[in-house]
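**Q** generate coordinates for the sequence data below:
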Amino acid sequence: MRAAKVLVACCFAVTAVDAQRPQKPSAPDIYLVTIDTLRADHVHCYGYERVQTPALDALAKDGIRFAQAFTPSPITNTSHTTILTGLLPSSHGVTDFAVPLAAVHPTWAELLKKKGYHTAAFIGAVILDSKSLAPGLDRGFDFYDNFPEHPLTKSRFGRVERRGMDVVQHAEKWMNAHPAGPHFVWVHLYDPHDPYEPPPPYSQTYKDHLYDGEIAYADAALENFVAYLKKQGRYENSTIIVVGDHGEGLGEHHEDTHGIFLYDSTTHVPLIMKLPGRSNAARVVDAQMRTTDILPTVLDLLHASAPVKLDGESLKPYFGGAESASRTAFGETDYPLRFGWAPLRSVRTDGFKFIEAPKPELYDLQKDPGELKNEYGPTNEMVQKGRKLLTDLRAKKPAAAAGSAATASPGSANQLQALGYVGQTETSSTNAPSGLPDPKDKIEEQNLLHTAMIASEDERPAEARSALEKVLQLDSKSPTALKQIGELELKAGEYAKAAAHLKTAREIRPGDATAAFEAGQALEKTDDLGGARDALEASLKLQPSQLPARLLLGQVYLRLNEPKAADDQFEAALLLEPKSVEAQIGVAKTQIAQGNFADAAQELEGLSKSHPDNADVFDALAEAYAGAGRREDAQQAESRAKQLQKNKRR
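**A** From the prediction side, this is the model:
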């Protein structure tokens, strides 16, 4: 008993000593919340009175608000890649949709994973889906909440977009299942992006300014997430960063949405940082900052090693007021190239903004914050300084980035159009704006094209057609408008009209793989099999990995009585998708066309067992049996095919 008492006393003594030792603080959770299409001057704590943003306001009260933060890109996937790498678009190379992020550029998640962080990302739109339009952004994440490959709904919500509350609930569910920290969690709220369709009550409260209603709703989703962190005891020892990826034109400079111009309306974004323990609470930094500075700041706060190449710098010197100088902010957009217009570059420094374009621009931001009076002159000192800064930046551009090209599939192109973006690259990327139209002269066309895309997505074909016809009145050779009208006619079953529009679009822009595929579809429907074959082959030459184009070309070759050529296409389709039932049926049909009825029947019998509800399988099987002289089996297969087709029509 005496020995036991001594042991207990020793244990108490050790415990007491341990309690007196200073405990090593646990690494803080890091939460990155990006709010899509959020202008800084439409947030309440930035001085805007027409919207209530209590969550953003509260974070600004608990943290640091950067009054002058700028993104280099007005496009979602490009701007987010900048945030996640600390690099300018010309450095990381993701200047277009579906361009893979090169492995040499480490992501925020990869860097924090080395520090022992559990990492997860929750996205609000398919534009950031790492399987399609944003390959490489998922690197380093333990979980990346991509969209389903085959969505169960035709609604835009769940198919190409998620409401903010849904995104937050996904994040909270993952955190409940993975409580061990520290965490790095990225939450992307897409709601302020057009079309502006906030749910009730925001649709009523902000019925006269729905963009602000979307912002208020996104703020409510953020408030939900912050409340969850507080309830879980994670708020105090966390760094929370909220930033807009880019802004919105809202008609300023005649730009309705974003992507084309580099004015402050689409590049000035809110940036708020809440630090562990609420240090530096309610501080406002007025100096000009960049979204490239966010990642270096986090690495600095965590005392983590930084990549060799970063285009930003830590903001930590500004926290205590030791630094107040503004930083030079660059802007880059290649999105105009999708329409055949000049790309734009800008530099914002010393109270001026210079925009390199076919018609260059210079603005004195102190006298003209709205960028309304162009003071460009070739000998102007600020013009020469701006040009030198842009020239020096181009000289540092990595060689790999120069050849980056989009590889979006036709399916991804359709997703882009559903979100209001042109879904196919229209011309090769270039830094030289000369020789291409200035986007300023084309912005009315862009607005109409955007209207047409959204109207088409919302099943308003008459409105879409009207907008496209207005574009063609402005530019009769607009390949984008011609292609979109062709798509409308194809969808409406007006195949001859569709073929004519798509033919003209292809003559103007022969490198458009999607237009060639759609032309092939229309021509096949009009029984112009030779034309369909040529169009489909042209499409596949540009983009060989198109499964639908391979399948359709195989069918065209069968109709042209060229079974060996058809077999080549179906076999190629099976290399792309080994489980494709349509490709397997196609192979069997090529065997039937060549008189190999027994082989075809054997293959189709296996398919009929694995796919007993596929009418096309039994239809082909009936043909194989008939060719092999198995009349009774052929009748049974034909009867089964007819019954399945009848069931399908019900």
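**Q** what sits against A500?
**A** By C-beta atoms under 8 Å, 6 or more residues apart in numbering, A500 lies in contact with G486. Where you see a C-beta, it was placed from the backbone N, CA and C, and this is true even at glycine.
**Q** what's it sitting at in phi/psi?
**A** phi -70, psi -50 (degrees, to the nearest 10).
**Q** now the strands for this protein?
**A** For the chain, the strands defined by DSSP state E occupy 29-35, 64-70, 118-122, 143-145, 183-189, 238-244, 268-274, 283-290, 329-333, 344-349, 352-356, 361-364.
**Q** could you save those strands as CSV and add columns showing mean neighbour count, distance to T76 and mean pLDDT?
**A** Output for these, formatted as CSV (neighbours: other C-beta atoms under 10 Å; distance: least, C-beta to C-beta, whole Å; pLDDT from 0 to 100):
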stretch, mean neighbour count, distance to T76, mean pLDDT
strand 29-35, 25, 9, 98
strand 64-70, 23, 16, 98
strand 118-122, 23, 14, 98
strand 143-145, 20, 16, 98
strand 183-189, 26, 9, 98
strand 238-244, 23, 11, 98
strand 268-274, 24, 12, 98
strand 283-290, 18, 17, 97
strand 329-333, 25, 12, 98
strand 344-349, 24, 17, 98
strand 352-356, 23, 21, 98
strand 361-364, 20, 24, 98
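**Q** tell me which of those lies nearest to E197.
**A** strand 183-189 (14.3 Å; C-beta to C-beta).
**Q** re earlier: between the strands of the chain, which gets nearest to K589?
**A** For the strands of the chain, distance to K589 was read as C-beta to C-beta. The smallest value, 39.8 Å, belongs to strand 143-145.
**Q** now do the closest one: distance to the chain's middle.
**A** 15 Å (C-alpha atoms, centre = their mean, to the nearest Å).
**Q** hang on, the earlier thing: D512: which of the strands of the chain is closest?
**A** strand 329-333 (20.7 Å).
**Q** name every strand pairing with the closest one and say which way it goes.
**A** With DSSP bridges as the test, strand 329-333 is paired with strand 344-349 (antiparallel).
**Q** low-confidence ranges in this protein?
**A** Within the chain, the stretches with pLDDT under 70 are 1-25, 398-412, 418, 420, 423-434, 650.
**Q** spatially central residue for it, please.
**A** The C-alpha lying nearest the average C-alpha coordinate of the chain belongs to I127 (C-alpha atoms, centre = their mean; 2.1 Å).
**Q** ok so, going back, dump the strands of the chain into a markdown table; add distance to T451 as well.
**A** Conversion of these to a markdown table gives the following (distance: least, C-beta to C-beta, whole Å):
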| stretch | distance to T451 |
| --- | --- |
| strand 29-35 | 24 |
| strand 64-70 | 28 |
| strand 118-122 | 30 |
| strand 143-145 | 31 |
| strand 183-189 | 25 |
| strand 238-244 | 24 |
| strand 268-274 | 25 |
| strand 283-290 | 32 |
| strand 329-333 | 20 |
| strand 344-349 | 22 |
| strand 352-356 | 25 |
| strand 361-364 | 26 |
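**Q** and Q546, which of the ones you listed is closest to it?
**A** Nearest to Q546, of all the strands of the chain, is strand 143-145, at 25.3 Å by C-beta to C-beta.
**Q** and K470, how many residues sit next to it?
**A** 17 (other C-beta atoms under 10 Å).
**Q** ok, it touching N447?
**A** No: applying C-beta atoms under 8 Å, one finds K470 not in contact with N447, separated by 9.9 Å.
**Q** need the helices for the stretch 401-550 of the chain, in chain order.
**A** With DSSP state H, counting those that start in this stretch, the ranges of helices along the stretch 401-550 of the chain come out as 410-418, 443-457, 461-474, 479-492, 495-508, 513-525, 529-542, 547-559.
**Q** deepest-packed of these, please.
**A** Of all the helices of the stretch 401-550 of the chain, helix 513-525 has the most neighbours on average by mean count of other C-beta atoms under 10 Å, namely a mean of 25.
**Q** next, the angle from that helix to helix 479-492.
**A** 40 degrees (axes from the mean of the first three to the mean of the last three C-alpha atoms, to 10 degrees).
**Q** name the helices or strands packed onto helix 513-525?
**A** In terms of contacts (3 or more C-beta pairs under 8 Å, 6 or more residues apart in numbering; DSSP states H and E), helix 513-525 is packed against helix 410-418, helix 479-492, helix 495-508, helix 529-542, helix 547-559.
**Q** what sits up against it?
**A** So helix 513-525 is in contact with 410, 413, 423-424, 479, 483, 486-487, 489-490, 495-496, 498-499, 502-503, 505-506, 509, 529, 531-533, 535-536, 538-539, 542-543, 546, 548-549, 552-553, 555-556, going by C-beta under 8 Å, 6+ apart.
**Q** same deal with stretch 595-607?
**A** Under C-beta under 8 Å, 6+ apart, the answer for stretch 595-607 is 581, 584-585, 587-589, 591-592, 614, 617, 620-621, 624-625, 627-628, 630.
**Q** ok, now stretch 107-115?
**A** Applying C-beta under 8 Å, 6+ apart, the set of residues contacting stretch 107-115 is 27, 30, 32, 83-85, 101, 117, 119, 121, 136-137, 139-142, 182, 184, 186, 295, 298-299, 302, 304, 306-307.
**Q** for ChimeraX, write the selection for the buried entries among these.
**A** Written as a ChimeraX command, the selection of buried residues from the contacts of stretch 107-115, which uses 16 or more other C-beta atoms under 10 Å, is:
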select :27,30,32,83,84,85,101,117,119,121,136,137,139,140,141,142,182,184,186,295,298,299,302,306,307
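**Q** so which of the contacts of stretch 107-115 are in helices?
**A** Judged by DSSP state H, these include I83, L84, T85, L295, V298, L299 as members of helices.
**Q** who touches the fifth one in this structure?
**A** Meaning V298. Applying C-beta under 8 Å, 6+ apart, the residues near V298 are I30, W108, L112, T239, I241, A304.
**Q** how many neighbours does the second one have?
**A** Spelled out, that is W108. 26.
**Q** if we can go back for a sec, nearest to S132, of the helices of the stretch 401-550 of the chain?
**A** Closest among the helices of the stretch 401-550 of the chain, using C-beta to C-beta: helix 410-418, at 4.6 Å.
**Q** could you name the helices and strands sitting against the longest helix seen in the chain?
**A** The longest helix of the chain (DSSP H) is helix 210-231. The contact analysis (3+ C-beta pairs under 8 Å, 6+ apart) places helix 210-231 against strand 29-35, helix 54-62, helix 164-177, strand 183-189, helix 202-205, strand 238-244.
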